[in-house]
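A.B. asks: Could you work out the structure for the sequence below:
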Amino acid sequence: FLVWADAGQFFPPAIEGSAYGTCLLVCQVLFAITFFVYRVYGWIRHSIPLWKDALSVMIPNTNSVDDIKQQQPQHEGNNDCAAKYKFLFLFLVLNVLLGSL
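C.D. replies: Okay, here's the model as predicted:
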């Protein structure tokens, strides 16, 4: 839809009520709708489970499920535990930044 919507800038319709002008308008509206559905709604829909999963791993004792406890970074003698938390934190920050584009 974006290709056809941008085509109107390079090849504007000669007559305002022409079929070409109507087609350009329809493509612009459909692009706005599909952009909202995929970029805004889709991003939020996938970000919520990401945040829930990441926070359940980062915050200890939030769930008593054994699967989550196995995924949490271990504190006993594990030097890269902080790096795992930093990676998850960076992932969440980037999710917010990319979502605000």
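
A.B. asks: what ranges do the helices span in the protein?
C.D. replies: Along the chain, counting by DSSP state H, helices occupy 2-10, 19-35, 42-58, 66-71, 81-99.

A.B. asks: Mean neighbour count and mean pLDDT for those helices - can I get that in CSV?
C.D. replies: All C-beta atoms are positioned from the backbone trio N, CA, C, and that covers glycine. Formatted as CSV, these follow (neighbours: other C-beta atoms under 10 Å; pLDDT from 0 to 100):
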stretch, mean neighbour count, mean pLDDT
helix 2-10, 12, 80
helix 19-35, 14, 90
helix 42-58, 13, 88
helix 66-71, 11, 55
helix 81-99, 12, 85
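
A.B. asks: contacting residues around Q28?
C.D. replies: Residues near Q28 by C-beta atoms under 8 Å, 6 or more residues apart in numbering: 1, 5, 8.

A.B. asks: Make TSV out of the residues you listed and add distance to V26.
C.D. replies: Formatted as TSV, the contacts of Q28 follow (distance: C-beta to C-beta, whole Å):
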residue	distance to V26
F1	9
A5	9
G8	11
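
A.B. asks: of those residues, closest to N95?
C.D. replies: For the contacts of Q28, the closest approach to N95 (C-beta to C-beta) belongs to F1, at 26.4 Å.

A.B. asks: distance of the closest one from Y41?
C.D. replies: Remark: distance between F1 and Y41 (C-beta to C-beta, to the nearest Å) = 17 Å.

A.B. asks: quick one, which of the two is more surrounded?
C.D. replies: F1 (15 against 10; other C-beta atoms under 10 Å).

A.B. asks: Can you give me the end-to-end span of stretch 11-24?
C.D. replies: This stretch, stretch 11-24, spans 10 Å end to end (C-alpha to C-alpha, to the nearest Å).
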